[in-house]
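[1] Here's a sequence, model it:
(2 chains)
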Amino acid sequence: MTELVIIGGGPAGMSAAVAAYERGIRDILILERDSSLGGILQQCIHNGFGLHKFGEELTGPEYALKYINMVFKRHIRYKLNTMVLDITNNKVITATNETDGIFKIEAKAVILAMGCRERPKGALNIAGTRPSGIYTAGTAQKFVNMKGYMPGKNVVILGSGDIGLIMARRMTLEGAKVHAVCELMPYSGGLPRNIEQCLNDFNIPLKLSHTVTKIHGKERLEGVTIARVDESRNPIPETEEYISCDTLLLSVGLIPENELSKTAKVELSHITSGAVVDQDRQTNAEGIFACGNVLHVHDLVDFVSEEAEIAGKSAAEYINGTLKKTVNIPIKTDGKVRYSVPQMITREKDITVYFRVADVFHNVKINVKNENGELVFSKRRTKAVPGEMESITIKEDKIKNAKELYIELEE
Amino acid sequence: MYDVVIIGAGVVGSMMARLLSAFELSVCVLEKENDVSNGATKANSGIVHAGFDAVEGTLKAKLNVRGSQMMPKICKELGVDYKNNGSLVIGFCDEDKNTLLKLFLRGQKNGVKGLEILDRDALLKKEPNVSHNAVCALWAPTGAIVSPYELAIAAMGNAMDNGVRLKLDFEVKSIKKECEAYVISSDKETVLARYVINAAGVFADRVAKMIGDNSFKIHARRGEYVLLDSECGNTVSHTIFTTPTKMGKGILVSPTVHNNLLLGPTSEDIENKEDKSTTQKGLFNVIMSAEKSVDNIPRNKTITSFCGLRAVGDTGDFIINSPVKGFINLAGIESPGLSASPAIAEYALTMLKNQGLATVKKSSFNPIRKSAHYFKYASTEEKNEIIKRDSAFGRIICRCETVTEGEILYAIRTNPKPRDLDGIKRRTRAQMGRCQGGFCSPYITEILARELNIPVEKVTKCGGKSIINTGKTKEETLND
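    Alright, predicted model coming up:
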């Protein structure tokens, strides 16, 4: 029996491990499928990480190294090149690697920190051929930053998620020509600073309300047809335009990787594709916690670390038998607020709720009401956008006696 | 000089090659593409049809029923996934019911066993997610599913293990008869054969013309498909067809042997026999039609879409004949061609024998092939034994489909050897899952480069100019 097994040695997994250690847990094992700790940060060689958490601007590998050193210093155990194949509801983990073969571990508590994956081209049903030269932005990033190879020279990017924006700049710096970034929505899903620093600084056009309607080329990609879309996001044929290119990069969304959560019978949210959790980041499966991008996709790694600290701390309390649920208050959202994390309150204390809005809103009030429609919290925002996660903190006394909380956006 | 040369390494050519490899014969397969199973075999529904569709007395009817009976044993020998899931043809009105009755009677004449007409209640009991608008169905318990490209790869691999030669990138440009031999040439190379099998798919008419046979034409029929995640295969447990029309069997909804959910195909005759592009309209129709026959299709779980070209002849039946002695056409092998393929090979062998081919059984013939999937189906104890011997089987490369480096290396070293990413995909399922190679393709690119002893920049997706990387980064270029 291992006290705490953490699935994933990226920023979430490491931060959770350190937090659990700080709460007295010593028997910790991190299982990491890659050949080093650090997760996706290792290929994010650009800067901009750590401003919130460490008050300095770090690259991805530098940010990862800070946590790797914390893990080393505490002698927290980890296994690399180890893929978890299955987790049962009662926390028996099956994993495989080259030296141990297929093995099982029983855990008192489990923290899910597997991160997310990119939505592939296939999910979009773009018409045309299936040549080489089409990659998700993250795959291209891996080729360029980790392997030292250029996936192409003439690039169109579909989707303006942050990785797409970062790769527009990266490919340009490596001598490629980025012809355009097409975004289906009338606004970008990426951070404003990335649009400024990765597109505008390099004169790369951002085509909002545009999509790729056709792929051309038999063997290697030869070009794409792009078109403007109408309000219901359908391409307008008269606006079609052919761009000659040998590479199409996709940054069209991230999906929390919850295949293992499903084997553990963890309840998942249809909106986040991550687990439904309480303020302690505990799932409906007792003793199984989730944090980081496997729970919901974050904008900044700093917030991933913060969330993982909550999960690590709570897992420690669970192992020590001090984590007691006292209430059961679901948090609901109105649709304009797409989702919240946590989705559930089970202890009466000050609670920070993270959420995303579904559209671009100006001058709104974020209201939290109880089951009787009574306002328990309200906050003004001049602007709220889907690309930036929002948070509010609700005081303990406001939660007291509530049966249900409802977050809504008042325009 | 070869005893037999087969033109085309689709499922028909591969089945033919395997059958011939059981005899003391020298056999060579010529394939214009970079890999076997790259034509219609790569992109079809993967259905082993029960055999009630084809009109009684036709070759289609005869060979379909026989082929589908042969399929389980062949798949077992070749280590190919085969699942007898049964099929349902659903009807929405009285007219459909009449058609289903006709199919029922036809099936009985064709010798299909176990056919039944179901009413609405019986249908919904069997398949709860089928559309509630359906009023009746034809139930065919002998219907089955198989992975078509895995079947062709395995058959060809087994044939090669038993001595058959495969020449890829060999596009036949001319065939001449000189004395007793056929002289078959590409732009670069010539082979000689006593007997020629024309299994050239959509190009079979072009090949037949080379020996002066203008008796038939093949056109390409485009079929577009949408494939859903491997967690969606349980949406339906049987293969769901709609009542057929002149253009084919309509849009089906079926689980695959790997538990994906497959929707398609459209049916559209096109001029260009190389045009495997999907269309917005086609993909839209696939989803719309599929949703008419089955409820709760989780369309947001789509992982890819693709297009295949069926080789449609102009006679309505398979075109299997011998226009001149020693030359046999296996042409127009549209649906139910996959189901019929082992029987087509058997039929062609009889023709060859009748034309004087001596068939002496090869004592060393081994019908068994171990596919790269053997590891996947091993028990945990067996897997650990394998990992102990070769640690590469403990290293997962493809997370979505759980494919190890050991399986990839095994596939690279096993006949017919893959030379590109798509070849690895079809043999191991790595890159076939929900991330579509996002995580694993950089690793597989490196493994291929290492194993083939070529630079990473030369690794391709599917041969030719389909390179994965166009060069090195600035830093790596400086390091060189």
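[2] CA atoms for contacts and neighbours, from now on please.
    Noted.
[3] dump the residue contacts of residue A:381.
    Contact analysis of residue A:381 by Cα atoms under 8 Å, 6 or more residues apart in numbering or on different chains lists A:362-366.
[4] looking at this, it is in a strand?
    Yes. The assignment for residue A:381 by DSSP: H, G, I helix; E, B strand; the rest coil puts it in a strand.
[5] The residue in chain A that chain B sits nearest to: neighbouring residues, count only.
    Nearest to chain B in chain A, going by Cα to the nearest Cα, is residue A:122, at a distance of 3.6 Å. Applying other Cα atoms under 10 Å in any protein chain shown, we find 21 other residues in the vicinity of residue A:122.
[6] Let me know the pLDDT of it.
    On pLDDT, residue A:122 comes in at 87.
[7] My guess is it contacts residue B:299. True?
    No. Taking contacts as Cα atoms under 8 Å, residue A:122 lies outside contact range of residue B:299: 12.0 Å.
[8] Check the contact lists of these two and give me the overlap.
    Common neighbours of residue A:122 and residue B:299, counting by Cα under 8 Å, 6+ apart, are absent.
[9] So what's the gap between stretch B:370-380 and the chain middle?
    Its chain's average C-alpha position is 21 Å from that of stretch B:370-380, according to Cα atoms, centre = their mean, to the nearest Å.
[10] List the contacts of the longest strand anywhere in chain A.
    In chain A, assigned by DSSP state E, the strand with the most residues is strand A:101-112. Where contact means Cα under 8 Å, 6+ apart, the residues beyond strand A:101-112 that reach it are A:1-8, A:13, A:16, A:91-96, A:261, A:287-291, A:294, A:311-312, A:315, A:318-319, B:380, B:383-384, B:387-388, B:391, B:394.
[11] Please spell out the ChimeraX selection for the buried subset of these.
    Buried members of those, defined by 16 or more other Cα atoms under 10 Å in any protein chain shown, are picked up in ChimeraX with:
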select /A:3,4,5,6,7,8,13,16,91,92,93,94,95,96,261,287,288,289,290,291,294,311,312,315,318,319 /B:383,384,387,388,391,394
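[12] tell me the phi and psi of residue A:153?
    phi -120, psi -30 (degrees, to the nearest 10).
[13] how close does residue B:182 sit to residue A:281?
    The spacing between residue B:182 and residue A:281, counted by Cα to Cα, to the nearest Å, is 73 Å.
[14] Compare the two (neighbour count), which wins?
    residue A:281 (29 against 24).
[15] can you pull the contacts of the more buried one?
    A:289-291, A:310-311, A:314, A:342.
[16] Dump those into TSV; add pLDDT as well.
    Supplementary listing: those in TSV, determined by pLDDT from 0 to 100:
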residue	pLDDT
A:289	98
A:290	98
A:291	98
A:310	98
A:311	98
A:314	98
A:342	97
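[17] farthest pair in the residues you listed?
    Between all members of those, the longest pairwise span (Cα to Cα) is found for A:314 and A:342 and amounts to 13.6 Å.
[18] Compare the two (neighbour count), which wins?
    residue A:314 (26 against 23).
[19] sec struct for residue A:155, please.
    Local secondary structure at residue A:155 is given as strand here, using three-state DSSP.
[20] what's the neighbour count on it?
    A total of 26 residues lie near residue A:155 under the criterion other Cα under 10 Å.
[21] now swap in residue A:180 and tell me
    18.
[22] give me the beta-bridge partners of it?
    Each beta-bridge partner of residue A:180 is listed here: residue A:156, as defined by DSSP bridges.
[23] ok but residue A:409 is inside a helix, no?
    No. Checked against three-state DSSP, residue A:409 lies outside a helix; its state is strand.
[24] Could you pull up the residues touching it?
    A:334, A:336-337, A:364-367.
[25] Ok, residue B:8 next?
    Applying Cα under 8 Å, 6+ apart, we find residue B:8 in contact with B:29-32, B:198-201.
[26] Please list which of these also come close to chain A.
    Applying Cα under 8 Å from any Cα of the partner chain to the contacts of residue B:8, one finds that nothing falls near chain A.
[27] In a markdown table, list those residues along with neighbour count.
    Rendered in a markdown table, the data for these read as follows (neighbours: other Cα atoms under 10 Å in any protein chain shown):
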| residue | neighbour count |
| --- | --- |
| B:29 | 26 |
| B:30 | 25 |
| B:31 | 25 |
| B:32 | 18 |
| B:198 | 24 |
| B:199 | 31 |
| B:200 | 29 |
| B:201 | 32 |
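[28] Geometric centre of chain A: which residue is closest?
    Among the residues of chain A, the one closest to the centroid is residue A:297, at 2.3 Å (Cα atoms, centre = their mean).
[29] which parts of the helix or strand of chain A with the lowest mean pLDDT are buried?
    Ranked by mean pLDDT, DSSP states H and E, the weakest helix or strand in chain A is helix A:396-399, scoring a mean of 89. For helix A:396-399, the buried set under the neighbour-count rule, 16+ other Cα under 10 Å, comprises A:398-399.
[30] How about residues contacting it?
    In contact with helix A:396-399 (Cα under 8 Å, 6+ apart) are residues A:348-351, A:376-377.
[31] List only buried entries from those.
    Of the members of these, the ones counted as buried by neighbours, 16+ other Cα under 10 Å, are A:348, A:351, A:376-377.
[32] Can you give me the neighbour number for residue 38?
    No chain was given, so I picked chain A. Residue A:38 sits with 26 neighbouring residues when counted by other Cα under 10 Å.
[33] my bad, chain B
    Here the count is done by other Cα under 10 Å, and residue B:38 has 22 residues near it.
[34] How about residue B:133?
    Neighbours of residue B:133 under the rule other Cα under 10 Å: 14.
[35] isn't it right next to residue B:119, touching?
    No. Using Cα under 8 Å, residue B:133 makes no contact with residue B:119, being 12.0 Å away.
[36] Return only those of the buried ones among the contacts of helix A:396-399 found close to chain B.
    Taking Cα under 8 Å from any Cα, there is no overlap between the buried ones among the contacts of helix A:396-399 and the neighbourhood of chain B.
[37] Can you flag which of these belong to strands?
    In strands, defined here by DSSP E, the members of those are A:351, A:376-377.
[38] now the helices for chain B?
    For chain B, the helices identified by DSSP state H occupy B:11-20, B:59-78, B:94-110, B:120-126, B:148-161, B:204-209, B:280-293, B:337-354, B:380-389, B:405-412, B:421-428, B:441-452, B:474-479, in order along the chain.
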